[in-house]
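Trainee: give the three-dimensional model of this entry:
(3 chains)
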Amino acid sequence: MPELPDVEGFRRVLSDCGRRCVTDIEVCDAGVLRGVTAKRLRKEGEGRRLGEAWRHGKWLFVPLDGCPTLVFHFGMTGSLWCCSPDEPFAGHDRLVLTLDDTRSLRYRDQRKLQGVQLADESAVDRILERLGPDALTVGRAELTDRLSARRGAVKSALMDQSVIAGLGNLLCDEILWRAHLAPRTPARSVGEAAYRRLHAAMGRVLRTSVRAGCVPPRRSWLTGRREDSEPRCPRCGRPLCSGRLAGRRTVWCSHCQP
DNA sequence: ATAAAGTCCTGAAAGC
DNA sequence: TGCTTTCAGGACTTTA
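Mentor: Got it, this is the predicted structure:
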């Protein structure tokens, strides 16, 4: 689930919590902690006030009032919820922060592929230096430069977080379909006009998805068709192709994406 | 049993 | 030839 738009939604969840104080930290499953023990997390985090949360790609950074930053990654199944402390825990609530004793912030994740860490400034820098510019704000010239430096398929390049940060499997397929670009096209042989289309499609898809807090499962989008038993292109009605690229299921329309 | 929207690591292949 | 980049596959994890 979590690609850039979902993580942006989680950032809003935190933003809506304002500058509340973390009054309690409960680690329900220490398996999600990366490089920090439950004991140290509680010791460092409790009593701290939340700063303004920010996002880069699929990473969410939550500053805690002058101490290390709480860093979330949501893997394939993670999410962040804010509710009343009285709300019973869900099955996969792994970490629960109580805010001002009146709100409960819950990091939920079925599979523990990624997790939560406590990162000082240099650790945050180490995360950021592995990431390309954020997909939501990258300019067309920079996108073109970074993609055209790649030898492999354009989808592989879009998926690579060190090239552009934030796009996942669903978004890449959606964007390529809108840009009339076949996923296996070598990135360096994508022409200027197609890069223009790609950048425009990326902006439109991302802005709509960010508003929705997810890649919306609309029938008019490619994404809305991929679970169909015999998926057809929303634009031309022909059967969609499905294959594997960069280790991921890839769906495209061979007619619209030559 | 298979596959799933995440990343990381490895070894091999490809490109310059 | 040798270095770097890219790819494919597996690992991690849990459940439908």
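
Trainee: and the host helix or strand of A:Leu170, anywhere near DNA strand C?
Mentor: If you go by DSSP states H and E, A:Leu170 is part of helix A:169-178. No. No part of helix A:169-178 sits near DNA strand C under the criterion CB under 7 Å from any atom of the strand; the closest distance found is 12.4 Å. All C-beta spots, glycine's among them, are computed from the backbone N, C-alpha and C.

Trainee: please name every helix or strand in contact with that helix.
Mentor: If you count contacts as 3 or more CB pairs under 8 Å, 6 or more residues apart in numbering; DSSP states H and E, helix A:169-178 packs onto helix A:154-159, helix A:192-212, strand A:248-252.

Trainee: buried sites along stretch A:46-57?
Mentor: Buried residues in stretch A:46-57, counted by 16 or more other CB atoms under 10 Å: A:48, A:50-51, A:53, A:55-57.

Trainee: and the pLDDT at the residue nearest to A:Asn169 when sequence neighbours are not counted?
Mentor: Spatial nearest neighbour of A:Asn169, excluding adjacent residues (CB to CB, 6 or more residues apart in numbering): A:Arg248 at 4.6 Å. If you check A:Arg248, the pLDDT there is 88.

Trainee: quick one: A:Arg248 from A:Ser254, how far?
Mentor: Note on A:Arg248: its distance to A:Ser254, by CB to CB, to the nearest Å, is 18 Å.

Trainee: out of the two, which sits in the busier spot?
Mentor: Per other CB atoms under 10 Å, whichever of A:Arg248 and A:Ser254 has more neighbours is A:Arg248, with 16 against 12.

Trainee: can you pull out the low-pLDDT segments for the stretch 101-250 of chain A?
Mentor: Across the stretch 101-250 of chain A, nothing is flagged by pLDDT under 70.

Trainee: so what's the closest residue to DNA strand B within it up against?
Mentor: Closest residue of the stretch 101-250 of chain A to DNA strand B, CB to the nearest atom of the strand: A:Gly168 (1.9 Å). Going by CB atoms under 8 Å, 6 or more residues apart in numbering, A:Gly168 touches A:2-4, A:58, A:159.

Trainee: now, which of these sits nearest DNA strand C?
Mentor: A:Met159 (8.4 Å).

Trainee: any idea how far the closest one lies from A:Leu171?
Mentor: For A:Met159 relative to A:Leu171 (CB to CB), the value is 9 Å.

Trainee: now do A:Gly31
Mentor: Distance, A:Gly31 to A:Leu171, by CB to CB: 28 Å.

Trainee: give me the more crowded residue out of those two.
Mentor: Legend: neighbour count by other CB under 10 Å for A:Gly31 and A:Leu171, higher for A:Leu171 (22 against 11).

Trainee: and the pLDDT at A:Trp252?
Mentor: Per the predicted model, pLDDT is 93 at A:Trp252.

Trainee: now it, which residues is it bridged with?
Mentor: Applying DSSP bridges to A:Trp252 yields these beta-bridge partners: A:Cys241.
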